[in-house]
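Q: Fold the following for me, if possible:
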Amino acid sequence: MKVTLDTTLGTLLDDPQAKAVLDQYLPGVSSNPMVAMVKGVSLNKLLSMPQAAQFGLTKEKVEQVLAEVNKQL
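A: Below you'll find the model as predicted:
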């Protein structure tokens, strides 16, 4: 399974390897209670939300996460 910017956050969180990579790049994101509200949202859509910056979510960081996840899968 190749992950892209069109992949939902929930898809990444449901995969243990992808979840570990997310937590490596964005510590605590998987345990944040606010995440439940955006699990069905694509990464691309998340990047367009103003709250993304509050969590340190940038396009560059997302691309790093995707590259790392795709290497492991």
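Q: May I see the buried residues of the helix or strand of the chain at the bottom of the mean pLDDT ranking?
A: Every helix and strand of the chain was ranked by mean pLDDT, DSSP states H and E. The lowest is helix 51-54, at a mean of 83. Buried residues in helix 51-54, counted by 16 or more other Cβ atoms under 10 Å: Ala52. (C-beta placed from N, C-alpha, C; glycine too.)
Q: Kindly report the same for stretch 35-52.
A: 35, 38, 42-43, 46, 52.
Q: what does stretch 21-39 give?
A: 21-22, 26, 29, 35, 38.
Q: how far does that stretch stretch from start to finish?
A: 16 Å (Cα to Cα, to the nearest Å).
Q: now the closest residue in space to Val35 that isn't next to it in sequence: how far from Leu57?
A: Spatial nearest neighbour of Val35, excluding adjacent residues (Cβ to Cβ, 6 or more residues apart in numbering): Val29 at 6.4 Å. Applying Cβ to Cβ, to the nearest Å, the value for Val29 to Leu57 is 8 Å.
Q: residues contacting the spatially most central residue of the chain?
A: Nearest to the geometric centre of the chain sits Leu9, at 5.1 Å (Cα atoms, centre = their mean). Listed by Cβ atoms under 8 Å, 6 or more residues apart in numbering, the contact set of Leu9 reads 35, 38-43, 46.
Q: my guess is the residue nearest to Val35 contacts Phe55, does it?
A: Yes - between Val29 and Phe55 there is a contact at 6.5 Å, judged by Cβ atoms under 8 Å.
Q: now the nearest residue to Thr7 once chain neighbours are set aside: how far from Thr4?
A: In this structure, Thr7 finds its nearest non-sequential neighbour in Leu43, 5.9 Å apart by Cβ to Cβ, 6+ apart. Here Leu43 is placed at a distance of 8 Å from Thr4 (Cβ to Cβ).
Q: anything in contact with each of the two?
A: Joint contacts of Leu43 and Thr4 (Cβ under 8 Å, 6+ apart) are Leu66.
Q: Give me the buried positions along the longest helix anywhere in the chain.
A: Criterion DSSP state H: the longest helix present in the chain is helix 59-72. The neighbour-count check on helix 59-72 (16+ other Cβ under 10 Å) flags 62, 65-66, 68-69 as buried.
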